[in-house]
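Chemist: The amino acid sequence is not available; the structure is as follows:
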């Protein structure tokens, strides 16, 4: 029997779980800077119009989405002594840190030159991010093939992802002020430089302490044409892609305009360093509960409940208006708890679709499946980023204007409250068609028999 494929006998140690999670801490030190601050940085610090930034976000993310597929194919064709995914944590760590730093750097440029610089650095950062983050997701089904163990490992990863997001949400503006001393451009540059150095170190730790132990019996690189067979008829995977797209469209619109909402709608920029970290912290209970709740009622039903909770929280934020700060913060906590169920489950859902694809087609193409699923994330972020920027532009938003027009304030509210509600409702509809939970035990058992037979042959 090929013990390499006996996931139940190869449970993931806590050292490896934590090291794997630190990779997502490293990812989020950059990812959350982009999510929370990049639109604001471009419009209010670098001086690029909201409409121009919106178009750039869409173009860059469409490229990112295509690049995800390319990276997935590369992973499936990779063959090294370290495995298919691990080497990229080492190879891409330093380029990742460099381009993160350059993206938040403001050279002395004017007019179109600013926009060209932003395009080059942002697209380069997205490309390198793909090259290091797709392997981080794609390695999950290779760490273990135990159904519940996989959910637990992913939950640990998401907890460490939240830690990265929490650091960014809570420390960024104080660090910008401390490093910049009134110069926001310098403050953002040095803050991102600090995060970049930490991220490089953490990715190297991830490389050193993770192992790829679950592999197909045939370890040869998979031809591109064969890889795409894993997509054919893989309905659970398609639903996961659509969930990613809808989720990240709404989340991007909300997160990118949180600063605008607090600063302009509420007139309380002092709340930024409290409101954003609280939103991140409140995700943790949902993530922690995921392994226990999903074990009892299934992954689909757990995510369904999470989105109902999130909708309740967003409604509370809407009812809070511009004055009820207590209800605003309560809604922020409730919605984040609900979103924690999504965050804690989405990668586990996709990992299960890798097994489904292998069962249905005979091809185990984790790189392509995770990359194609990430296609939904990047496209959602691109569409969400573009819509939020265009909405601000349509509302006549004026950077740094203390008294925004009512149309601008309405545009901010649409991005911050309306978009995530629509997104959560869309996810609920998609989950109605997801049925892999009921099939998984049978699929897993059959795959173990197949792998043993292939290894003996």
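Modeler: Thanks, I have it. Quick caveat: nothing in here was measured; it's all calculated off a predicted structure.

Chemist: nearest residue to residue 246 other than its sequence neighbours?
Modeler: With C-beta to C-beta, 6 or more residues apart in numbering as the criterion, residue 246 has its nearest non-adjacent residue at 4.2 Å, and that residue is residue 426. Every residue, glycine included, has its C-beta placed from N, CA and C.

Chemist: How many residues are close by the one you found?
Modeler: Other residues near residue 426 come to 18 when the count uses other C-beta atoms under 10 Å.

Chemist: same check, this time on residue 407
Modeler: 12.

Chemist: Over to the one 5 residues further on?
Modeler: Around residue 412 there are 25 other residues, counting by other C-beta under 10 Å.

Chemist: wait, doesn't residue 43 sit right on residue 52?
Modeler: No: using C-beta atoms under 8 Å, residue 43 is not in contact with residue 52; the gap is 9.2 Å.

Chemist: More neighbours: the two, which one.
Modeler: Between residue 43 and residue 52, counted using other C-beta under 10 Å, residue 43 has the larger neighbour count: 24 against 18.

Chemist: what's near enough to touch that one?
Modeler: Residues in contact with residue 43 (C-beta atoms under 8 Å, 6 or more residues apart in numbering) are 49, 50, 53, 392, 399.

Chemist: can you rerun that using 6 Å?
Modeler: 50, 399 (C-beta atoms under 6 Å, 6 or more residues apart in numbering).

Chemist: How much space separates it from residue 277?
Modeler: Here residue 43 is placed at a distance of 23 Å from residue 277 (C-beta to C-beta, to the nearest Å).

Chemist: do residue 193 as well
Modeler: For residue 193, the distance to residue 277 - C-beta to C-beta - is 21 Å.

Chemist: low-scoring pLDDT stretches of the stretch 201-350 of the chain, where are they?
Modeler: 215-227 (pLDDT under 70).

Chemist: Apart from its neighbours in sequence, what residue is nearest residue 142?
Modeler: Residue 142 sits nearest to residue 212 (C-beta to C-beta, 6+ apart), 4.1 Å away.

Chemist: C-terminal to the one helix or strand residue 384 maps to, what's the next element?
Modeler: Using DSSP states H and E, residue 384 falls within helix 366-394. Counting by DSSP H and E, the next helix or strand C-terminal to helix 366-394 is helix 406-413.

Chemist: got the buried residues for that next one?
Modeler: 408, 409, 410, 411, 412, 413 (16 or more other C-beta atoms under 10 Å).

Chemist: follow-up on the earlier one: report the distance from the helix holding residue 384 to the chain centre.
Modeler: Chain-centre distance of helix 366-394: 10 Å, with C-alpha atoms, centre = their mean, to the nearest Å.

Chemist: Same question for stretch 16-30.
Modeler: Counting by C-alpha atoms, centre = their mean, stretch 16-30 comes out at 12 Å from the chain centroid.

Chemist: ok, now which ones touch residue 206?
Modeler: Applying C-beta under 6 Å, 6+ apart to residue 206 gives the contacts 19, 22, 23, 89.

Chemist: ok, of these, which one's closest to residue 140?
Modeler: residue 23 (10.9 Å; C-beta to C-beta).

Chemist: And the pLDDT for that closest one?
Modeler: Listed pLDDT for residue 23 reads 97.

Chemist: Same question for residue 449.
Modeler: 79.

Chemist: name the element it belongs to?
Modeler: helix 436-456.

Chemist: quick one: buried residues of that helix?
Modeler: 436, 437, 440, 443, 444, 447, 448, 450, 451.

Chemist: For residue 40, which non-adjacent residue is closest in space?
Modeler: residue 259 (5.0 Å).

Chemist: And the one you found, how close does it get to residue 120?
Modeler: 25 Å.

Chemist: got the buried residues for stretch 231-238?
Modeler: Quick answer for stretch 231-238 (16+ other C-beta under 10 Å): 231, 234, 236, 237, 238.

Chemist: And stretch 321-334, by the same measure?
Modeler: 328, 329, 331, 332, 333, 334.

Chemist: Tell me where the stretch 1-150 of the chain is predicted with low confidence.
Modeler: 1-10, 147.

Chemist: Next up, the contacts around residue 279.
Modeler: Per C-beta under 6 Å, 6+ apart, neighbours of residue 279: 332, 336.

Chemist: Over to the one 4 residues further on?
Modeler: Under the criterion of C-beta under 6 Å, 6+ apart, the contact list for residue 283 reads 162, 336, 340, 343.

Chemist: just checking, the last one touches residue 158?
Modeler: In other words, residue 343. Yes: Residue 343 is within contact range of residue 158, at 5.3 Å (criterion: C-beta atoms under 6 Å).

Chemist: list residues touching both of the two?
Modeler: residue 287.

Chemist: name the helices or strands packed onto the longest helix along the chain?
Modeler: Using DSSP state H to define each element, the chain has its longest helix at helix 325-361. Under the contact criterion of 3 or more C-beta pairs under 6 Å, 6 or more residues apart in numbering; DSSP states H and E, helix 325-361 touches helix 140-143, helix 147-180, helix 235-256, helix 283-297, helix 299-320, helix 366-394, helix 436-456.

Chemist: Mind checking those for the one nearest to residue 111?
Modeler: Across the helices and strands packed on helix 325-361, closest to residue 111 is helix 366-394 (C-beta to C-beta), at 18.0 Å.

Chemist: which of the residues in the closest one are buried?
Modeler: Result for helix 366-394 [16+ other C-beta under 10 Å]: buried residues 366-394.

Chemist: Can you get me the start-to-end distance on stretch 288-308?
Modeler: 18 Å (C-alpha to C-alpha, to the nearest Å).

Chemist: chain center to that stretch: distance?
Modeler: 19 Å.

Chemist: go on, stretch 356-364?
Modeler: 25 Å.

Chemist: what residues are up against residue 78?
Modeler: residue 84.

Chemist: Sorry, wrong one. I was asking about residue 428.
Modeler: Contacts of residue 428 (C-beta under 6 Å, 6+ apart): residue 307.

Chemist: Would you quantify the distance from it to residue 310?
Modeler: In terms of C-beta to C-beta, residue 428 sits 10 Å off from residue 310.

Chemist: Counting neighbours, what do you get for the nearest residue to residue 134 once chain neighbours are set aside?
Modeler: With C-beta to C-beta, 6+ apart as the criterion, residue 134 has its nearest non-adjacent residue at 4.6 Å, and that residue is residue 71. If you count neighbours by other C-beta under 10 Å, residue 71 ends up with 25.

Chemist: Export the buried residues of helix 406-413 to TSV and append columns for pLDDT and distance to residue 127.
Modeler: Shown next, in TSV, are those (pLDDT from 0 to 100; distance: C-beta to C-beta, whole Å):
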residue	pLDDT	distance to residue 127
408	94	33
409	94	36
410	95	36
411	95	31
412	95	31
413	95	34
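
Chemist: Thanks a lot, catch you later.
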